[in-house]
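Q: this one's structure only:
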């Protein structure tokens, strides 16, 4: 039971990482529930001739997420920041985290790809 209360570190997209054309909603469902203090690692190749550029934004609300409206969104990772070990995002608040990539005029986002929502809850406490 102690394992249920420990924070996890999750590689977004598992071994495939964060890449264009991928349904991350399915990944989020498979890795739910998320908990306060879990860490998400976004890892993707640096932008270059052989890879499609990626980015990671934190969108402000559900409407922005649904419509892929990036005005006012917070850029978490540029096209080069996912290289190597990637970068980490700590889920430290009980609120929805709306993640998406805006690359390619947000085409993937609009198509329902390269985006997902994580809503962390408090970790389960072991029974007394």
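A: On my side now, so go ahead. Not measured: the values here are computed from a predicted model.

Q: switch to C-alpha atoms for all contacts and neighbour counts from now on
A: Noted.

Q: is residue 47 in contact with residue 79, as I believe?
A: Yes - the pair residue 47 / residue 79 is scored as a contact, 5.5 Å apart, by C-alpha atoms under 8 Å.

Q: so what sits against both of the two?
A: 53, 54 (C-alpha atoms under 8 Å, 6 or more residues apart in numbering).

Q: helices along the protein, start to end?
A: 24-31, 62-67, 107-110 (DSSP state H).

Q: so which of the ones you listed is nearest residue 55?
A: helix 107-110 (11.5 Å; C-alpha to C-alpha).

Q: I'd like the mean pLDDT over that closest one, please.
A: The pLDDT scores in helix 107-110 average 93.

Q: for the nearest residue to residue 75 once chain neighbours are set aside, give me its contacts.
A: Distances taken as C-alpha to C-alpha, 6 or more residues apart in numbering put residue 57 closest to residue 75, at 4.5 Å, once the chain neighbours are dropped. Contacts for residue 57 (C-alpha under 8 Å, 6+ apart) come out as 70, 73, 74, 75, 76, 77, 99, 100, 101, 102.

Q: 10 Å instead?
A: 70, 72-78, 97-102, 115 (C-alpha atoms under 10 Å, 6 or more residues apart in numbering).

Q: again with residue 15
A: So residue 15 contacts residue 43 (C-alpha under 10 Å, 6+ apart).

Q: what about residue 31, distance to residue 38?
A: 11 Å (C-alpha to C-alpha, to the nearest Å).

Q: kindly provide the distance from residue 120 to residue 94.
A: 6 Å.
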